[in-house]
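Trainee: Got a sequence here, can you model it:
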Amino acid sequence: MLFLLLLSPLTLAETPPSVPFSVLEERQRPADHFTQGLYFDGQRWWESSGLYGRSWLAEYSDPGASPLRRKWLAENRFAEGLTVFGDRLYLLTWKAGEVQIYRAADLSPLGLRRYAGEGWGLTSDGEHLIMSNGSGKLTFRDPETFAVLRSVEVHGGGESWKWLNELEYANGLIWANIWQDSRLIAIDPKSGEVRGLIDLKQLTPSLHHPDAVANGIAWDRVRNGLWVTGKYWPKLYLIRPHGLGFAPRSKSAPAKSTAPGN
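Mentor: Residues are numbered from 1 along each chain as shown. Next up, the predicted model:
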């Protein structure tokens, strides 16, 4: 009994904190997107939508309007996560083992690179591309060759963090969706430790569809928040976590605070 009591404080200390957040803005969008990847540079949006025979990559100035450009993938390609690195856009495919590379300015194709296994989520820390494959491991890759440079196992809180999906790098941490889970987790890129989590359950629409899960994270650097959405969701939400590198909510800001458990 004494041994168990001595372990309890350590166990609690290792539990990632649930981080409250404020909703800064909501935007309507079409509810037929099987969202896989999302990126925002302050003016333009890029999104990828999955499913065989229906996969596409699109660029928007307004996510609620028609795309400025859209690229349809081959019927045997399932679009997954994407990121923009420099003047290039990188798009993963699920089981084809290829990352497709486009010119970000006009979505003209620039070629592809190969990788082993499945592709799920993709982001960049400004130096490397960071990829998930549905497991609990993240790989850091060379932007030119897509070769693996190093990898980390995501850990913390006594949970087995698997099915890591869409990724976004923001304020020094890697944010990840978890497939079939309403939580986002913030991951230390050096150690793989989970530093905190956000539950988007209250934002999840009641669609009664097994695939209508939270997926899609885009960092808004100017407003210092995260745009989040999901597959078939009719809205995007700009949220600001209360901590983890994000500025605390101003008392005068017209934002709704969402605390864990409310």
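Trainee: just for the chain, where's the confidence low?
Mentor: Across the chain, the ranges flagged by pLDDT under 70 are 1-14, 248-262.
Trainee: what about the helices in the protein?
Mentor: Along the chain, the stretches classed as helices by DSSP state H are 2-14.
Trainee: got the residue ranges for the strands in the stretch 51-200 of the chain?
Mentor: 56-60, 69-72, 79-85, 88-93, 98-103, 109-114, 121-124, 129-132, 137-141, 148-153, 164-170, 173-178, 183-187, 194-199 (DSSP state E, counting those that start in this stretch).
Trainee: Could you dump those into JSON lines and include distance to Gly216?
Mentor: To be clear about C-beta, it is placed using only N, CA and C from the backbone, and glycine gets the same treatment. Compiled in JSON lines, the strands of the stretch 51-200 of the chain are given as follows (distance: least, C-beta to C-beta, whole Å):
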{"stretch": "strand 56-60", "distance to Gly216": "13"}
{"stretch": "strand 69-72", "distance to Gly216": "17"}
{"stretch": "strand 79-85", "distance to Gly216": "9"}
{"stretch": "strand 88-93", "distance to Gly216": "14"}
{"stretch": "strand 98-103", "distance to Gly216": "19"}
{"stretch": "strand 109-114", "distance to Gly216": "23"}
{"stretch": "strand 121-124", "distance to Gly216": "10"}
{"stretch": "strand 129-132", "distance to Gly216": "14"}
{"stretch": "strand 137-141", "distance to Gly216": "18"}
{"stretch": "strand 148-153", "distance to Gly216": "23"}
{"stretch": "strand 164-170", "distance to Gly216": "6"}
{"stretch": "strand 173-178", "distance to Gly216": "7"}
{"stretch": "strand 183-187", "distance to Gly216": "11"}
{"stretch": "strand 194-199", "distance to Gly216": "14"}
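Trainee: Please identify which of those is closest to Leu38.
Mentor: Smallest distance to Leu38 across the strands of the stretch 51-200 of the chain (C-beta to C-beta): 7.0 Å, for strand 164-170.
Trainee: Output the contacting helices and strands for the closest one.
Mentor: strand 35-40, strand 79-85, strand 121-124, strand 129-132, strand 137-141, strand 173-178, strand 214-220 (3 or more C-beta pairs under 8 Å, 6 or more residues apart in numbering; DSSP states H and E).
Trainee: Please name whichever of the ones you listed is nearest to Glu25.
Mentor: Minimum separation from Glu25 across the helices and strands packed on strand 164-170 (C-beta to C-beta) falls at strand 214-220, 9.2 Å.
Trainee: partner strands of the closest one, parallel or antiparallel?
Mentor: strand 225-230 (antiparallel) (DSSP bridges).
Trainee: Return the partner strand as PDB; C-alpha atoms alone will do.
Mentor: Output in PDB follows, covering the C-alpha atoms of strand 225-230 (Å, rounded to 0.1, in the frame of the first residue of the first chain):
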ATOM      1  CA  GLY A 225      -4.500  30.700 -32.700                       C
ATOM      2  CA  LEU A 226      -5.300  27.300 -34.200                       C
ATOM      3  CA  TRP A 227      -8.000  26.800 -36.900                       C
ATOM      4  CA  VAL A 228      -9.600  23.400 -36.300                       C
ATOM      5  CA  THR A 229     -12.200  21.400 -38.100                       C
ATOM      6  CA  GLY A 230     -13.200  17.800 -38.900                       C
END
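Trainee: and for that strand, what are the contacting residues?
Mentor: With C-beta atoms under 8 Å, 6 or more residues apart in numbering as the contact definition, strand 225-230 has outside contacts at 24, 29, 35, 38, 40, 168, 170, 175, 184, 200, 203-205, 212-220, 235-241, 246.
Trainee: Please apply the same query to stretch 182-196.
Mentor: With contacts defined as C-beta under 8 Å, 6+ apart, stretch 182-196 is touched by 16-19, 125, 130, 138, 140, 152-157, 159, 161, 169, 172-178, 197-201, 204, 213-214, 217, 226, 228, 241, 243-244.
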